[in-house]
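Participant: Just a sequence and a predicted model for now, questions to come.
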Amino acid sequence: MAATTLIGSSANFQAVRDQIDMVAPVDSTVLLQGETGTGKEVIAQAIHEAGQRRHNRFVAVNCAAIPNALLESELFGHERGAFTGAVTQTVGRFQSADRGTLFLDEIGDLPLDLQPKLLRVLQEMQIERLGSGRPINLDVRVIAATNQDLWRMVQDRKFRADLYYRLNVFPISLPPLRERKDDIRTLTEHFICKFAKRQGKSIDRISDGMMEALRGHDWPGNIRELQNVVERAVIMAKGSVLDLSAIDLTTSIGESAPIRTLADAERAHITAALRETNWVVGGRRGAAAQLGLARTTLITMMQRHGIFREIASRPNGETDCSHGPKSREQSFA
């Protein structure tokens, strides 16, 4: 069952596990909705692994991480010579996921001009590579995910209604971590085991003070934020007990400004990560790595939220953006 691969037993999360068990055995399209960091890709993989397609490929694509001009080719593939630079035939993500599952993350960022093409593929289960008029039949299960309000986007004419209805066959809403605080201890223990093993440390337990602090935090970055906090605490831990002395509460789980909307929460979490890394975006110690994102994805999200800083390359391959705000063109050229 899918539930055995997931961590958490709170009532809110149990409802999600029950929905996974209901939809996993069938091939219906699933739409996962939830804030950034709630584990949408983990849930998508659990659905795949609990279904009949588990022995075939699970292919994930982040629609926000790929430039619009390349996304159609990335999804559907292209023939040699289809456009400048297309020197070989390329298989797209849909064809790679044939007989398996395709996970379309950040579906709300799909360009409007590409949405009718995706709708046709979902309806017909056929693709045509760019530069080819020959249809290719497919057998793909699609799971989409978003942290945006797609219905509001439909009303604002930023997302096609027909595509929304096609994706919204079986919606699953993932609760934010602040609504499943009974799971914080279990999740924390899981991350401690993971990172302590990786770092060759022996940590037996969490201090009561630290657990109280973890449970009292609002977690705007959800599970991803908790994972980052625990990893940082394990790195700084000097004994077998993980306690408050291992982390800086003012930057990790201290008081934060009131969060009014999902966009506010996402912007606040990104800004906090950038401040922690001295506005380093890329590289092993950059904000993108800390947030579990590709560098290009983080830059796209910074653009969307109006977080603009000058980016300059460093010799070690990291990216620094600590030289003050600049325009979008200057920051992300």
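Facilitator: Sure, I can see it.

Participant: remind me which residues of the stretch 51-200 of the chain are low pLDDT?
Facilitator: 78, 80-87, 89 (pLDDT under 70).

Participant: Quick one: the strands in it, in order.
Facilitator: 58-62, 77-78, 90-91, 101-105, 126-127, 136-137, 141-146, 170-173 (DSSP state E, counting those that start in this stretch).

Participant: so what secondary structure elements neighbour the first one?
Facilitator: Meaning strand 58-62. helix 40-49, helix 93-96, strand 101-105 (3 or more CB pairs under 8 Å, 6 or more residues apart in numbering; DSSP states H and E). Using the backbone N, CA and C atoms, a C-beta is placed for each residue, glycine as well.

Participant: Residue 213: which of these is closest?
Facilitator: Checking the helices and strands packed on strand 58-62 against residue 213 by CB to CB gives helix 40-49 as the closest, at 24.9 Å.

Participant: How about the contacts made by residue 307?
Facilitator: Taking CB atoms under 8 Å, 6 or more residues apart in numbering, we find residue 307 in contact with 267, 270, 271, 274.

Participant: so which of those comes closest to residue 152?
Facilitator: So of the contacts of residue 307, ranked by how close each gets to residue 152 (CB to CB), first place is residue 267, at 17.5 Å.

Participant: right, and out of the contacts of residue 307, which lies closest to residue 300?
Facilitator: Ranked by distance to residue 300 (CB to CB), the contacts of residue 307 are led by residue 270 at 11.0 Å.

Participant: Could I have the CA atoms of the particular helix or strand that has the closest one in it written out in PDB?
Facilitator: Residue 270 is part of helix 262-276, with elements assigned from DSSP states H and E. Listed next in PDB are the C-alpha coordinates belonging to helix 262-276 (Å, rounded to 0.1, in the frame of the first residue of the first chain):
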ATOM      1  CA  LEU A 262       0.500  31.300   0.100                       C
ATOM      2  CA  ALA A 263       2.500  33.700  -2.000                       C
ATOM      3  CA  ASP A 264       3.600  35.500   1.100                       C
ATOM      4  CA  ALA A 265       4.700  32.300   2.700                       C
ATOM      5  CA  GLU A 266       6.700  31.200  -0.300                       C
ATOM      6  CA  ARG A 267       8.300  34.600  -0.700                       C
ATOM      7  CA  ALA A 268       9.300  34.700   3.000                       C
ATOM      8  CA  HIS A 269      10.800  31.200   2.800                       C
ATOM      9  CA  ILE A 270      12.900  32.000  -0.300                       C
ATOM     10  CA  THR A 271      14.100  35.300   1.200                       C
ATOM     11  CA  ALA A 272      15.000  33.600   4.500                       C
ATOM     12  CA  ALA A 273      17.100  31.000   2.600                       C
ATOM     13  CA  LEU A 274      18.800  33.700   0.600                       C
ATOM     14  CA  ARG A 275      19.700  35.600   3.700                       C
ATOM     15  CA  GLU A 276      21.100  32.500   5.300                       C
END
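
Participant: thinking again about what came up before, check the contacts of residue 307 for burial and list the buried ones.
Facilitator: Buried members of those, scored by 16 or more other CB atoms under 10 Å, are 267, 270, 274.

Participant: Which single one of these is nearest to residue 296?
Facilitator: Distance to residue 296 across these (CB to CB) is lowest for residue 270, with 14.1 Å.

Participant: Could I get the pLDDT score of the closest one?
Facilitator: Each residue has a pLDDT score; the one for residue 270 is 86.

Participant: got it, and residue 302?
Facilitator: 84.

Participant: what's the burial count for the residue nearest to residue 32 when sequence neighbours are not counted?
Facilitator: Sequence neighbours aside, residue 145 is the residue nearest to residue 32 in space, at 4.1 Å (criterion: CB to CB, 6 or more residues apart in numbering). Neighbour count for residue 145, taken as other CB atoms under 10 Å: 26.

Participant: Please name the residues that touch residue 145.
Facilitator: The neighbours of residue 145, taking CB under 8 Å, 6+ apart as the test, are 31, 32, 33, 34, 40, 41, 44, 103, 104, 105, 106, 107.

Participant: for the second one, helix, strand, or coil?
Facilitator: Here residue 32 is recorded as strand under DSSP: H, G, I helix; E, B strand; the rest coil.

Participant: Neighbours of it, how many?
Facilitator: For residue 32, the neighbour count with other CB under 10 Å is 26.

Participant: Could you tell me how far it is located from residue 113?
Facilitator: 24 Å (CB to CB, to the nearest Å).

Participant: likewise the fifth one?
Facilitator: Using CB to CB, one obtains 25 Å as the distance from residue 40 to residue 113.

Participant: Output the buried ones among the contacts of residue 307 as TSV; include the columns distance to residue 216.
Facilitator: Listed next are these as TSV, based on distance: CB to CB, whole Å:
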residue	distance to residue 216
267	22
270	23
274	24
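
Participant: Return the member of the residues you listed nearest to residue 188.
Facilitator: Each of the buried ones among the contacts of residue 307 was scored against residue 188 by CB to CB, and residue 270 proved nearest at 22.8 Å.

Participant: ok now do that closest one, which residues does it touch?
Facilitator: Under the criterion of CB under 8 Å, 6+ apart, the neighbours of residue 270 are 287, 291, 298, 301, 302, 305, 307.
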